[in-house]
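A.B. asks: with the sequence up front, the predicted model follows.
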Amino acid sequence: MEILEKSLYVWTGKAKEKLPTMILPNGYGYLDYVEGLKNSLLEYSSFVTLPILSGQNGHSGCLNIEKGSEDLENIFHSITQRTNLICHCSSLMFINEINTDNFWEKIDKIILYSYLSNPIKHFERYKIKSQKYGVNINQIEEALLKYSDSRVYNRIPRPIYVIHPKTAMNRIRANKTELDKLSQNSNIVSIVEPEIGYEIAPEIQESKTSFITKKYFSKIL
């Protein structure tokens with residue numbers, strides 16, 4: 001494993017002919033589920049990367065949507081290859097705010113794992129869990145209002161494949177009606193709801209991350 005500029009983890013994969021895959025965690029940063037996911041993705045990627053954003057995992061600063069977007073733009077200045085993204089939950093908001101060609105010309109496809117339909121509804125829980133996981137945040141609640149309308153994501157200029165397992169937490173993040181509304185966006189290629197999936201949690205979950213990667217992610221990457 002290599003760490004670039006203390007903000008990007010890089011692991012060498014086994015599929016040299018494939019594009020790199022970036023794991024973009026949600027606002028809680030690098031939790032243990034990433035270990036199982038990273039290990040399974042190495043089979044289908046030339047490299048697997050994971051950025052650490054401001055305020056996450058002991059990183060200096062504070063995290064909000066604007067700062068997370070800025071961090072990602074800066075990280076992609078050091079990335080030269082086109083890359084597939086696996087966005088988790090709220091991290092889709094970070095890339096939605098990016099407008100620069102330097103970023104988007106390096107993105108191939110986007111997988112959204114666990115769609116968060118109305119972040120302002122989950123804001124209090126986010127603040128509590130951020131404190132639990134040691135994430136420093138300074139997010140203004142009103143800035144989340146526009147994300148109550150899934151059409152805001154239509155500005156993303158890359159194909160999006162949604163994997164939204166029927167876990168208890170995902171039923172809270174987005175119900176069937178909200179997924180149907182998201183599916184109307186022109187950049188949504190497909191929405192799949194597996195019966196099982198891994199949780200965005202401090203647990204490795206090797207069998208579940210391997211299942212989701214082999215059955216769904218590998219077909220897209």
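C.D. replies: Structure received.
A.B. asks: partner residues bridging the residue most central in space within the chain?
C.D. replies: For the chain, the residue sitting closest to the mean C-alpha position, by Cα atoms, centre = their mean, is residue 87 at 1.9 Å. For residue 87, the beta-bridge assignment (DSSP bridges) gives partners residue 24, residue 112.
A.B. asks: and it, how far from residue 131?
C.D. replies: For residue 87, the distance to residue 131 (Cβ to Cβ, to the nearest Å) stands at 23 Å. (Glycine included, C-beta is placed from N, CA and C.)
A.B. asks: flag the shaky bits of the chain, pLDDT-wise.
C.D. replies: By pLDDT under 70, the low-scoring segments of the chain are 1-6.
A.B. asks: biggest helix in it by residues?
C.D. replies: In the chain, taking DSSP state H as the definition, the longest helix is helix 65-76.
A.B. asks: buried ones in that one?
C.D. replies: Across helix 65-76, burial judged by 16 or more other Cβ atoms under 10 Å covers 65, 67, 68, 69, 70, 71, 72, 73, 75, 76.
A.B. asks: can you lay out these as a markdown table showing distance to residue 203?
C.D. replies: Output for the buried residues of helix 65-76, formatted as a markdown table (distance: Cβ to Cβ, whole Å):
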| residue | distance to residue 203 |
| --- | --- |
| 65 | 27 |
| 67 | 28 |
| 68 | 24 |
| 69 | 28 |
| 70 | 30 |
| 71 | 26 |
| 72 | 26 |
| 73 | 31 |
| 75 | 26 |
| 76 | 30 |
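A.B. asks: give me the number of residues near residue 168?
C.D. replies: Counted with other Cβ atoms under 10 Å, residues neighbouring residue 168 total 7.
A.B. asks: mind listing the strands in the chain by residue range?
C.D. replies: Using DSSP state E, the strands of the chain run over 2-4, 8-12, 21-24, 47-51, 83-88, 107-113, 160-163, 188-192.
A.B. asks: quick one: contacts for the nearest residue to residue 188 once chain neighbours are set aside?
C.D. replies: Excluding the flanking residues, the one nearest residue 188 by Cβ to Cβ, 6 or more residues apart in numbering is residue 160, at 5.4 Å. Contact analysis of residue 160 by Cβ atoms under 8 Å, 6 or more residues apart in numbering lists 109, 110, 111, 112, 153, 185, 187, 188, 189.
A.B. asks: for beta bridges, what are the partners of residue 160?
C.D. replies: When assigned by DSSP bridges, residue 160 has beta-bridge partners residue 110, residue 188.
A.B. asks: ok, it to residue 171 distance?
C.D. replies: Taken as Cβ to Cβ, the span from residue 160 to residue 171 is 21 Å.
A.B. asks: buried set for stretch 165-175?
C.D. replies: Buried-residue list, stretch 165-175, by 16+ other Cβ under 10 Å: 165, 167, 170, 173, 174.
A.B. asks: hang on, residue 25 packs against residue 91?
C.D. replies: Yes: assessed by Cβ atoms under 8 Å, residue 25 is found in contact with residue 91 at 6.4 Å.
A.B. asks: looking at these two, which one has more neighbours?
C.D. replies: Neighbour count, other Cβ under 10 Å: between residue 25 and residue 91, residue 91 has more, with 27 against 24.
A.B. asks: any idea how far the residue lying closest to the more buried one once chain neighbours are set aside lies from residue 46?
C.D. replies: Excluding the flanking residues, the one nearest residue 91 by Cβ to Cβ, 6+ apart is residue 24, at 4.4 Å. Here residue 24 is placed at a distance of 18 Å from residue 46 (Cβ to Cβ).
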